[in-house]
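>>> have a look at this fold, sequence not included:
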């Protein structure tokens, strides 16, 4: 099996036995990202829009390290603490994708997320 670990100093470091991403056979699997600003180590949670932008920026940093962009993403999993934030999260999320080539996605409400954030996003990208 061809398995390459891809981590970057520009996104939050893993806090457990996992990596930011793993590439295998031309497919990149990105672990869930939350709104930690790697430069300060602080959570960005002023509002759901800022939080979602930081999550997407963290995803972008991992993609860049892997030599990819948002256009390479084929699937996202979005986890939210409150479904009432759906429209606001979706508006920010849409800024990162071309509507015609946007990835497949699910968005689900969960009881809790790491560090009690409001949104976490993981994704799959291909060369």
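The structure has been received and is ready for your questions. Treat the numbers as computed from the prediction; the structure is a model and nothing was measured.
>>> hmm, residue 34 and residue 43 touching each other?
Yes: between residue 43 and residue 34 there is a contact under C-beta atoms under 8 Å: 7.4 Å. Heads up, the C-betas are built off the backbone N, CA and C, glycines and all.
>>> tally of neighbours for residue 22?
By the criterion of other C-beta atoms under 10 Å, residue 22 has 17 neighbours.
>>> and it, how close does it get to residue 3?
From residue 22 across to residue 3, the span is 6 Å (C-beta to C-beta, to the nearest Å).
>>> equivalent analysis for residue 115, please.
When distance is defined by C-beta to C-beta, residue 115 is 28 Å away from residue 3.
>>> now do the helices in the chain.
Secondary structure of the chain by DSSP state H: the helices cover 48-65, 86-94.
>>> what ranges do the strands span in this protein?
Taking DSSP state E as the test, the strands found in the chain are 3-6, 21-24, 27-33, 36-37, 42-43, 73-80, 104-109, 119-126.
>>> got those strands as TSV, with mean pLDDT and distance to residue 62 columns?
TSV is the format used below for the strands of the chain (pLDDT from 0 to 100; distance: least, C-beta to C-beta, whole Å):
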stretch	mean pLDDT	distance to residue 62
strand 3-6	97	7
strand 21-24	98	5
strand 27-33	98	5
strand 36-37	97	13
strand 42-43	96	18
strand 73-80	98	11
strand 104-109	98	17
strand 119-126	98	9
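>>> nearest to residue 98, out of those strands?
Among these, strand 73-80 comes nearest to residue 98, with 11.1 Å by C-beta to C-beta.
>>> chain center to the closest one: distance?
Its chain's C-alpha centre and that of strand 73-80 lie 7 Å apart, by C-alpha atoms, centre = their mean, to the nearest Å.
>>> now residue 20: how far from residue 83?
Counting by C-beta to C-beta, the gap from residue 20 to residue 83 is 27 Å.
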